[in-house]
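Asker: no sequence for this one, just the structure:
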């Protein structure tokens, strides 16, 4: 009787422990998803391979040339703007100093950079004037384009401090004011004052701006002037009251003090 009962119960036990096969509709949807993913990956590969590589002079190339070389349009405009302001590429490695240019893109384009002769302005000869020899402080290096070797020319700035300055500059999105050097940990005020006589900020368009109305709390928190707590308040206030349109709207959120908002404004995009 026991064996007979076990045999009769066997089909029921099989249904309990054997999972039911997936419906045919689920399998069809999974196949569609896999196919769509393959199409998307194919488009991405074709898009990456659409850029052309050819020799170019960064001092004369057009905006469309940079785009054809695979650079984003905002970066192409930044290069043109840098040249319009008087910037020159005197050696191939100067091209790497363009703010926002990825190292991989620079290495990809480096073999194709061919610099022509840089034009020199001819000035008429003048008779000797004492004022012409008055010593002046040359301010030719943009603080947002300076590399570690440029920074180490300042007495008191070694390799560690030079790297620390560049790291802080990248976190900010570029320096909006030369006095922001005082915010770099370990920099003595006398060293900062010496640096201020050697560097200038020629083009604030090089600043990397953040969209306060689009970024998440985690993304906003990465900026040195915001932090995690303020970022949470900013996003919650944005959800309740709508998008920010001015610094007055940010003041209403009470996420940051007014002086910190003033320092943050150059980096915001409304």
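Answerer: Structure's in. What do you need? Predicted model only: the values in this text are computed from it and were never measured.
Asker: please count neighbours and contacts with C-alpha atoms only from this point.
Answerer: Fine.
Asker: which residue is nearest the middle of the chain?
Answerer: In the chain, the residue lying closest to the centroid (C-alpha atoms, centre = their mean) is residue 100, at 5.1 Å.
Asker: quick one, what contacts that residue?
Answerer: Shown in contact with residue 100 (C-alpha atoms under 8 Å, 6 or more residues apart in numbering): residue 75.
Asker: do the one 10 residues further on as well
Answerer: Listed by C-alpha under 8 Å, 6+ apart, the contact partners of residue 110 are 92, 93.
Asker: excluding chain neighbours, what is closest to residue 55?
Answerer: In this structure, residue 55 finds its nearest non-sequential neighbour in residue 112, 4.3 Å apart by C-alpha to C-alpha, 6 or more residues apart in numbering.
Asker: correct me, but the one you found touches residue 52?
Answerer: No. Between residue 112 and residue 52 there is no contact under C-alpha atoms under 8 Å: 11.0 Å.
Asker: please enumerate the helices of the stretch 151-270 of the chain.
Answerer: Remark: helices assigned in the stretch 151-270 of the chain by DSSP state H, counting those that start in this stretch are 159-172, 189-196, 217-220, 227-241, 247-253, 258-264.
Asker: output these as JSON lines; include the columns distance to residue 59 and mean neighbour count.
Answerer: Formatted as JSON lines, the helices of the stretch 151-270 of the chain follow (distance: least, C-alpha to C-alpha, whole Å; neighbours: other C-alpha atoms under 10 Å):
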{"stretch": "helix 159-172", "distance to residue 59": "25", "mean neighbour count": "17"}
{"stretch": "helix 189-196", "distance to residue 59": "28", "mean neighbour count": "15"}
{"stretch": "helix 217-220", "distance to residue 59": "35", "mean neighbour count": "18"}
{"stretch": "helix 227-241", "distance to residue 59": "40", "mean neighbour count": "17"}
{"stretch": "helix 247-253", "distance to residue 59": "38", "mean neighbour count": "15"}
{"stretch": "helix 258-264", "distance to residue 59": "33", "mean neighbour count": "13"}
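Asker: quick one on the thing from earlier: out of residue 112 and residue 52, which sits in the busier spot?
Answerer: Neighbours were counted for residue 112 and for residue 52 using other C-alpha atoms under 10 Å; residue 112 has more, 15 against 11.
Asker: after the lowest-mean-pLDDT helix or strand in the chain, next one along is what?
Answerer: Within the chain, no helix or strand scores below helix 24-48, which has a mean of 51 by mean pLDDT, DSSP states H and E. Per DSSP states H and E, the first helix or strand lying C-terminal to helix 24-48 is helix 63-68.
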